[in-house]
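Chemist: take this sequence and fold it.
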Amino acid sequence: MESNLSQNKRLYELQAEVCKTLGNPKRLEIISALRDGEKTVTDLVGILGVPKANVSQHLAVMRNTGVLSNRREGVNIYYSLSSNKVTEACSLMKDVLTERLKDRSDLIERIMV
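Modeler: Residues are numbered from 1 along each chain as shown. Below is the predicted model of the structure:
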């Protein structure tokens, strides 16, 4: 039986993989595009304005780390977020960054006055 320590270590490794996956601006755009529901590669190409091969590559990485799920319907493959918690996590990080930028802006304003 695996010890709690090694289970936690494995969990941290998996978490780091997901964080690396989310550490790409285009992948964050894909997550944002999928907030409202599933989309095909063609849909995402139109939204992101990048080549199909590029979108497909990002989707494969995200699917391999469990961030995305997919289903086939005829010739189309539909991609969706594997959990709404992915968007919640991204929103929380965006809030943290927005607060930091506001704090920096306020500091710069005080310095300049």
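Chemist: quick check: residue 28 vs residue 76, distance?
Modeler: 24 Å (Cβ to Cβ, to the nearest Å). (Glycine included, C-beta is placed from N, CA and C.)
Chemist: may I have the phi/psi pair for residue 73?
Modeler: Dihedral pair for residue 73: phi -140, psi 100, per degrees, to the nearest 10.
Chemist: against residue 35, how distant is residue 60?
Modeler: 20 Å.
Chemist: same for the least confident helix or strand in the chain by mean pLDDT, what does it pack against?
Modeler: Ranking every helix and strand in the chain by mean pLDDT, DSSP states H and E puts helix 84-112 at the bottom, with a mean of 85. On a contact count with 3 or more Cβ pairs under 8 Å, 6 or more residues apart in numbering; DSSP states H and E, helix 84-112 meets helix 4-22, helix 25-34.
Chemist: CSV please, covering these and showing mean neighbour count, distance to residue 64 and mean pLDDT.
Modeler: Below are the helices and strands packed on helix 84-112 laid out as CSV (neighbours: other Cβ atoms under 10 Å; distance: least, Cβ to Cβ, whole Å; pLDDT from 0 to 100):
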stretch, mean neighbour count, distance to residue 64, mean pLDDT
helix 4-22, 12, 8, 89
helix 25-34, 17, 12, 96
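Chemist: columns distance to residue 97 on top of these, output as a markdown table?
Modeler: Shown next, in a markdown table, are those (distance: least, Cβ to Cβ, whole Å):
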| stretch | distance to residue 97 |
| --- | --- |
| helix 4-22 | 13 |
| helix 25-34 | 11 |
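Chemist: for residue 51, find the nearest of the ones you listed.
Modeler: Smallest distance to residue 51 across the helices and strands packed on helix 84-112 (Cβ to Cβ): 11.3 Å, for helix 25-34.
Chemist: and after that closest one, which helix or strand comes next?
Modeler: strand 39-40 (DSSP states H and E).
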